[in-house]
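Trainee: coords below, sequence missing:
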């Protein structure tokens, strides 16, 4: 009954009405290597756009879709496999993996895909604070560059010089 809060001095002391609040997310990268079966938001800070981009669990063309709204992010976990890790999330009750595969039209290049049957094995690159996977003749990381707002696979040669990370290259 509203009569309990007619005296507003009781609010927060003996009466506690519900209210609305805005959720504020601060992007804080996990320290160190991801922990197996721990849910994370797979995200990156896109400095060129001044945005934090969160993986949504969907594709945008040949790339992983992102949103600036963390509420649209899916929880991504890692599982241990021989030689490293695989990244996965729940998509409508189906365990779905983030994978890197050779392109059919050019095996020297790759595409990032969502699949139930992954091939790539990721390893943790502690210096660059991201997962990498050897596919074909190269090793790849997931992230973006320029002003893009999707996540693609890029050759790690772009982040060998770690001073480029957060400036022109944005690993997830």
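Mentor: Okay, I see it. Predicted model only: the values in this text are computed from it and were never measured. Numbering: from 1, shown residues only.

Trainee: list the buried ones in stretch 122-131?
Mentor: 122, 125, 128, 130, 131 (16 or more other C-beta atoms under 10 Å). In this view, the C-beta of every residue, glycine as well, is placed from N, C-alpha and C.

Trainee: residue contacts, the most centrally placed residue in the chain?
Mentor: Within the chain, the residue whose C-alpha comes closest to the C-alpha centroid is residue 42; the distance, by C-alpha atoms, centre = their mean, is 1.4 Å. The contact partners of residue 42, by C-beta atoms under 8 Å, 6 or more residues apart in numbering, come to 54, 55, 73, 74, 76, 87, 98, 151, 172.

Trainee: what's downstream of the helix or strand the first one falls within, the next helix or strand?
Mentor: Secondary structure assigned from DSSP states H and E places residue 54 in strand 51-60. Heading C-terminal from strand 51-60, the first helix or strand you meet, by DSSP H and E, is strand 63-67.

Trainee: which residues sit against that following strand?
Mentor: For strand 63-67, using C-beta under 8 Å, 6+ apart, the contacting residues are 43, 53-60, 73, 98, 112, 114, 142, 148-152.
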